[in-house]
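Engineer: quick one: sequence and predicted model below, then my questions.
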Amino acid sequence: MSFHVASICTDHKFGSAPRKQVITFLADKASDDGSGVWCSKGTVARCTELSKSTVKRVFQQFLNEGVLIETGKRKNKNGFTATYCINLDKVLELPLTKEEPETTEFTVTPVQGEPPRREVVAGFRTSG
């Protein structure tokens, strides 16, 4: 589980809610470099509450775009599960979800006055 990869994926736009759900789920399973993702499309569908056909379509889109790279296969009781790597370079090219702050042509430095002085009034100390 990688908070690093999950954070990167959360901070970028993927174009639709199903795509964001799938990549966020996969990022949660990845190592810090994006590799080591191996879960079946059925598992992804079940955990994201998306249809299996939607998950398959999103996987294919990500593979075509280079966001996901198939790195091998792992044997399991049903045959095999493909292993994937999230291509962080491609993810970083996507637009950010956060709006960039507007920049101005100059920087305003706040003016700081003198520190408050203590005065003695009728035997009582006051500040100000």
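Structural biologist: Good, I have the coordinates. These numbers were taken from a predicted model, which means no experiment stands behind them.
Engineer: use CA for all of it now, contacts and neighbours both
Structural biologist: Noted.
Engineer: tell me where the chain has helices.
Structural biologist: Applying DSSP state H to the chain gives helices spanning 3-10, 17-29, 41-48, 52-65, 88-93.
Engineer: and the contacts of the shortest one?
Structural biologist: With contacts defined as CA atoms under 8 Å, 6 or more residues apart in numbering, helix 88-93 is touched by 5, 8-9, 12, 33-34, 66-67.
Engineer: and of the helices of the chain, who's closest to residue 75?
Structural biologist: Shortest distance between residue 75 and the helices of the chain, using CA to CA, is found for helix 41-48: 14.7 Å.
Engineer: elements contacting that closest one?
Structural biologist: helix 17-29, helix 52-65 (3 or more CA pairs under 8 Å, 6 or more residues apart in numbering; DSSP states H and E).
Engineer: for the record, mean pLDDT for it?
Structural biologist: Averaging pLDDT along helix 41-48 yields 96.
Engineer: just stretch 73-93 next, same as before
Structural biologist: Taken as a whole, stretch 73-93 has an average pLDDT of 91.
Engineer: tell me which of the contacts of helix 88-93 is nearest to residue 80?
Structural biologist: For the contacts of helix 88-93, the residue nearest residue 80 by CA to CA is residue 34; the value is 20.5 Å.
Engineer: which pLDDT value goes with the closest residue to residue 19 other than its chain neighbours?
Structural biologist: Among residues not flanking residue 19 along the chain, residue 58 sits closest, at 6.0 Å (CA to CA, 6 or more residues apart in numbering). Residue 58 is assigned a predicted lDDT (pLDDT) of 98.
Engineer: what do you get for residue 121?
Structural biologist: Per-residue confidence (pLDDT) for residue 121: 62.
Engineer: what's the closest of the helices of the chain to residue 76?
Structural biologist: Short answer: helix 41-48, nearest of the helices of the chain by CA to CA, at 13.2 Å.
Engineer: mind listing what's buried in that closest one?
Structural biologist: Neighbour-count burial for helix 41-48 flags 41, 44-45, 48 (criterion: 16 or more other CA atoms under 10 Å).
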